[in-house]
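Participant: Mind looking at a prediction? Sequence and model below.
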Amino acid sequence: MKFFDSLITEAENLISAFPQTSSAPHSPWRDLGQNQMILKRDTAFELEGVGFNLATTSELADSVVLVGDDLSGITDNRRFARICIVQIDDVGDEQKEYNLLKKIDYVKYHTFPEGYMMRSTSRSHKEAVRVSKKAVKNGMDFHKIGSLFIAKYKEIPAVKAVKVVFITHPTADFSMVEKLAEKNYAIAETLNHVMNSVVFDCNTCNLKAICDEVEGMKELHFNKAEK
């Protein structure tokens, strides 16, 4: 699984210019197991940006990385990003890899940190978070949120390690992060097309540019066409 490796490199380069803290996961924040509602009067602040996954078979160590202020240091609404780099087994089968990517993407819709209400849009990777005053007062921070995400991802047997990156630095290039999210979505859509489409005429396909650019995508498409 190398389709997303170039995006991982771009993401790493993007955050390398900023001070960051990194730590191994422990003491995950409590998961409610269901959706929650945080009213405006109970809200400390809101975060708005993108949240997306980048899968790879390259080796990682479980970690939570914070670029910018932690939850206790934020006093007003601001932009943010959550990027989860997920190491998976090399399962050696295109259909199994595709199914695995979908399982990984579903994790964010089944993670419910107490006092951290997430609203996500799958088609654009938009992610908005409403943070409760009570949760911040009780010690919720990005490390504990990230640790919960890691635990959730690793409930999938083929997930070996996860690096969760939170970006809140006010001068971070969020427009570039959004472009990474958009390209990530385009690659996922191309994979979906390759795995499910019966049309293999590249000249008529509106996703040809992604096939041409992403290493291994065109080969996967041709392999599917031959089967």
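Facilitator: Yes, it's here.
Participant: which phi and psi does residue 45 have?
Facilitator: phi -170, psi 170 (degrees, to the nearest 10).
Participant: where's the helix or strand where residue 7 lies relative to the chain centroid, distance-wise?
Facilitator: For residue 7, the enclosing helix or strand under DSSP states H and E is helix 5-15. Helix 5-15 has its C-alpha centroid displaced from the chain centroid by 13 Å (CA atoms, centre = their mean, to the nearest Å).
Participant: Could you look up the next helix or strand downstream of it?
Facilitator: Taking DSSP H and E, what comes next after helix 5-15 is strand 21-23.
Participant: which outside residues touch that following strand?
Facilitator: Outside strand 21-23, the residues that touch it by CB atoms under 8 Å, 6 or more residues apart in numbering are 63-66, 143. C-beta here means a position set from N, CA and C on the backbone, and glycine is covered the same way.
Participant: quick check, nearest of those residues to residue 186?
Facilitator: Checking these against residue 186 with CB to CB, the nearest one is residue 65 at 24.8 Å.
Participant: Any idea what the closest one is bridged to?
Facilitator: residue 22, residue 165 (DSSP bridges).
Participant: pLDDT of the helix holding residue 7, averaged?
Facilitator: Average pLDDT, helix 5-15: 94.
Participant: Can I get the longest helix belonging to the chain in CSV? Just the C-alpha atoms.
Facilitator: Looking across the chain with DSSP state H, the single longest helix is helix 174-196. Presented in CSV, the C-alpha positions along helix 174-196 are these (Å, rounded to 0.1, in the frame of the first residue of the first chain):
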residue,chain,number,x,y,z
PHE,A,174,-4.2,25.1,6.6
SER,A,175,-4.8,25.7,2.9
MET,A,176,-2.1,23.2,2.1
VAL,A,177,-3.5,20.7,4.6
GLU,A,178,-6.9,21.0,2.9
LYS,A,179,-5.2,20.4,-0.5
LEU,A,180,-3.7,17.2,1.0
ALA,A,181,-7.1,16.2,2.2
GLU,A,182,-8.7,16.8,-1.2
LYS,A,183,-6.0,14.8,-2.9
ASN,A,184,-6.4,12.0,-0.4
TYR,A,185,-10.1,12.0,-1.2
ALA,A,186,-9.4,11.9,-4.9
ILE,A,187,-7.1,8.9,-4.5
ALA,A,188,-9.7,7.1,-2.4
GLU,A,189,-12.4,7.9,-5.1
THR,A,190,-10.1,6.6,-7.8
LEU,A,191,-9.5,3.3,-5.9
ASN,A,192,-13.3,3.0,-5.5
HIS,A,193,-13.7,3.5,-9.2
VAL,A,194,-11.0,0.9,-10.0
MET,A,195,-12.3,-1.7,-7.7
ASN,A,196,-16.0,-1.3,-8.7
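Participant: What is the least confident helix or strand in this structure?
Facilitator: helix 217-226 (a mean of 47; mean pLDDT, DSSP states H and E).
Participant: Can you report how many residues neighbour residue 8?
Facilitator: 20 (other CB atoms under 10 Å).
Participant: Not counting its neighbours along the chain, what's nearest it?
Facilitator: Sequence neighbours aside, residue 54 is the residue nearest to residue 8 in space, at 5.1 Å (criterion: CB to CB, 6 or more residues apart in numbering).
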